[in-house]
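**Q** return a 3D structure for these sequence lines:
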Amino acid sequence: MNSAFATSTASLDDPFYYLTNFRFVLAWVGERHADLLSADEREFLNQFDNLPRASQALLVRMVMRKGELFRLGKLSYTEVGDSGDAMAPLMTLGWVDNAPALSIDELFNQLRLAELRQILAEEIRAAGLSVSSSKTVLYATLVSRLTQAAPLQTWWPEAPDRVVRLTVMNICDRLRLMFFGNLRQDWAEFVLTELGLQRFEVVPFTPQSRAFQTRQEVDTYLALHHLRQRLDEGESPVDLHREVPPPSDNRWLATRRARLLLQLGREAERSGDSALALALYGDAGSSEARIRQLRLLERLGEHQTAYELAAQALDSSPTETEHQALTRILPRLRRRLKLPAVASDPEPAHVRWDLSLPGPQSVERAVVAALSEPQAPVCYVENSLITGLFGLLCWPAIFAPLPGAFFHPFHNGPADLYRDDFVARRRDAFDGCLARLEDGSYREVIRAAWREKQGLASPFVHWPIVDEPLVELAFECIPAEHLRACFERLLGDLKANRAGLPDLIQLLPDAPAGTPRYRMIEVKGPGDRLQDNQRRWLAFFHQQAMPVAVCYVRWQPEEAK
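**A** Predicted coordinates for the structure are as follows:
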């Protein structure tokens, strides 16, 4: 289907490029998701095909714009022609409402200040305002007085324009969701690809390559999405909690549900509803939710309950992130419960450098300038070199066309990248890639991937930083066993461990035999502290005997510059 995509995507030279792309999405969804469509949605696909091209184009123009209300006079497109004529078939189908009732908020959004002053002159005088008042003042005063929604023709009988409402946006959003598997991506993906600003790996698709297997899964996604929107708009977590869908067998949707519950819990905690927050954190069940639940119990003085839950979590093979938090919480709880202290492994001491440099300026740039030498360059690589080499070596495993991983042509990476079973599903493939580090062939594999995949979107390869000279110098200076150790740690928790790597690396190709040929450098400016993910990487480097230092920078006094 990727070849069909390549020939179906419209050139931007075609004035109807957006219509071609929209039709492509409808055909894709109709072919792969027919069993998930309602009768109304199937009828929408059929009726759209039968519309005049100008009407199709005008509908898509509205779908691609923000909101559902539009002034007809602003829907002016050369390729569409007369927007009134193009609109008529859409009104006949009921896809556009020609006289929607407008609330005061919608009226203020659609009309200019001069127009509002004209049509609300009587209300403005009755409220004791000057007709020269600003739009903000008018709205603040009139919003509580004008509570009835009405069509524009009622608000303004002599209006020279019409305001119309698109009534099929929900259907279009559902179709977009089934195509992309999310509502984050939109029609701009086609344009960015056509412009060459985004390029994606070509992954074969099968009839099973889709985000949703049942209509209920689509409904659940939309329900979770709308609940999050309502939370962002200020609705109470108490009310929203009642509408959260029940747990799903779909691991992806279960993760989204847990994230929503965590967000509801945080808002409930901020508002002082500790009981609801604890219930929401418990229902979420994620590692972050467990830590928030424990910290809240601790603040509430529920030390025994918190201790028991923390001990259970520590025994349940937590992630590094959760383990780090638990080893901080448990000693505090033991002290408060007057339990015997348990010895813990101290955090290893790191090599510390202190530099006094001219500033203020970019602290990383200042350290690069201070430490870099012609035969020992210092490069800014934060979270990009190690992850980039990993992404290039393991490209076949990351982009393996497994069910549920890729289902449209615009994937930056697999959809299941951060799910618990991502590595397990590809363990043999990852082992095959990492084996290249044992036989020395990894260099040629990475070089080939760098050449063949150049510029393609990847969740791990940041092309502007991982350039060819840096890759070659890394080959020369970083031992394969060190790369393997880092790559295995990445695979242990891709979401958490892809961040927190040191800012800089100094490469030392001329270092004497038997001495390190590189060193990683974490940079901290005045008042800056090590973050938890950085501490975990530093502890790992210490354990692996990999050279790393933390460079603390202070700015020189003015008189010293």
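**Q** since we're on residue 335, how many residues are nearby?
**A** 11 (other C-beta atoms under 10 Å). Yep, even glycine has a C-beta here, placed from its N, CA and C like the rest.
**Q** same question but for residue 329, I mixed them up
**A** That count, for residue 329 with other C-beta under 10 Å as the rule, works out to 20.
**Q** quick one: residue 341 from residue 291, how far?
**A** 21 Å (C-beta to C-beta, to the nearest Å).
**Q** show me which of these two is the more surrounded one.
**A** Ranked by neighbour count (other C-beta under 10 Å), residue 341 and residue 291 place residue 291 first, with 21 against 8.
**Q** which non-adjacent residue is nearest the more buried one?
**A** Distance criterion C-beta to C-beta, 6 or more residues apart in numbering; nearest residue to residue 291, sequence neighbours excluded, is residue 325 at 4.7 Å.
**Q** is residue 355 in a helix, a strand, or coil?
**A** strand (DSSP: H, G, I helix; E, B strand; the rest coil).
**Q** ok, now which ones touch it?
**A** Neighbouring residues of residue 355 by C-beta atoms under 8 Å, 6 or more residues apart in numbering: 367, 370, 551, 552, 553, 554.
**Q** who's it bridged to?
**A** Per DSSP bridges, the residues bridged to residue 355 are residue 553.
**Q** give me the neighbour count for residue 251.
**A** The burial count for residue 251: 12, using other C-beta under 10 Å.
**Q** contacts only, for it.
**A** Neighbour list for residue 251: 419, 420, 421 [criterion: C-beta under 8 Å, 6+ apart].
**Q** how about 6 Å then?
**A** residue 419 (C-beta atoms under 6 Å, 6 or more residues apart in numbering).
**Q** same thing with residue 465?
**A** Residue 465 touches residue 384, counting by C-beta under 6 Å, 6+ apart.
**Q** A strand includes it, no?
**A** No. Counting by three-state DSSP, one finds residue 465 to be coil, located in no strand.
**Q** relative to residue 376, how far out is it?
**A** According to C-beta to C-beta, residue 465 and residue 376 sit 19 Å apart.
**Q** residue 326 too?
**A** Residue 326 is 41 Å from residue 376, by C-beta to C-beta.
**Q** which strand or helix spans residue 323?
**A** Assigned by DSSP states H and E, residue 323 belongs to helix 320-336.
**Q** if we can go back for a sec, buried ones among the contacts of residue 355?
**A** Buried members of those, counted by 16 or more other C-beta atoms under 10 Å: 367, 551, 553.
**Q** nearest to residue 283, of the residues you listed?
**A** Checking these against residue 283 with C-beta to C-beta, the nearest one is residue 551 at 43.9 Å.
**Q** can you give me the helices for the stretch 451-561 of the chain?
**A** 468-477, 480-492, 494-497, 532-543 (DSSP state H, counting those that start in this stretch).
**Q** can you pull the buried residues of the second one?
**A** Of the residues in helix 480-492, those scored as buried under the neighbour-count criterion (16+ other C-beta under 10 Å) are 480, 482, 483, 484, 485, 486, 487, 489, 490, 491.
**Q** for it, the distance to its chain's centre please.
**A** 25 Å (C-alpha atoms, centre = their mean, to the nearest Å).
**Q** over to stretch 104-117?
**A** 34 Å.
**Q** and if you look at stretch 256-276?
**A** 20 Å.
**Q** cool, and stretch 215-225?
**A** The answer for stretch 215-225 is 18 Å, by C-alpha atoms, centre = their mean.
**Q** ditto for stretch 150-159
**A** That offset, for stretch 150-159, works out to 42 Å (C-alpha atoms, centre = their mean).
**Q** and what of stretch 292-305?
**A** Using C-alpha atoms, centre = their mean, the offset of stretch 292-305 from its chain centre is 31 Å.
**Q** that stretch: which residues count as buried?
**A** Neighbour-count burial for stretch 292-305 [16+ other C-beta under 10 Å]: 292, 293, 294, 295, 296, 297, 298, 303, 305.
**Q** for the protein, what spans make up the strands?
**A** If you assign secondary structure with DSSP state E, the strands in the chain sit at 69-71, 96-97, 163-166, 351-357, 378-380, 504-507, 518-524, 548-555.
**Q** got those as JSON lines, with distance to residue 345 and mean pLDDT columns?
**A** Formatted as JSON lines, those follow (distance: least, C-beta to C-beta, whole Å; pLDDT from 0 to 100):
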{"stretch": "strand 69-71", "distance to residue 345": "61", "mean pLDDT": "96"}
{"stretch": "strand 96-97", "distance to residue 345": "67", "mean pLDDT": "97"}
{"stretch": "strand 163-166", "distance to residue 345": "61", "mean pLDDT": "96"}
{"stretch": "strand 351-357", "distance to residue 345": "19", "mean pLDDT": "94"}
{"stretch": "strand 378-380", "distance to residue 345": "32", "mean pLDDT": "96"}
{"stretch": "strand 504-507", "distance to residue 345": "27", "mean pLDDT": "96"}
{"stretch": "strand 518-524", "distance to residue 345": "21", "mean pLDDT": "96"}
{"stretch": "strand 548-555", "distance to residue 345": "18", "mean pLDDT": "95"}
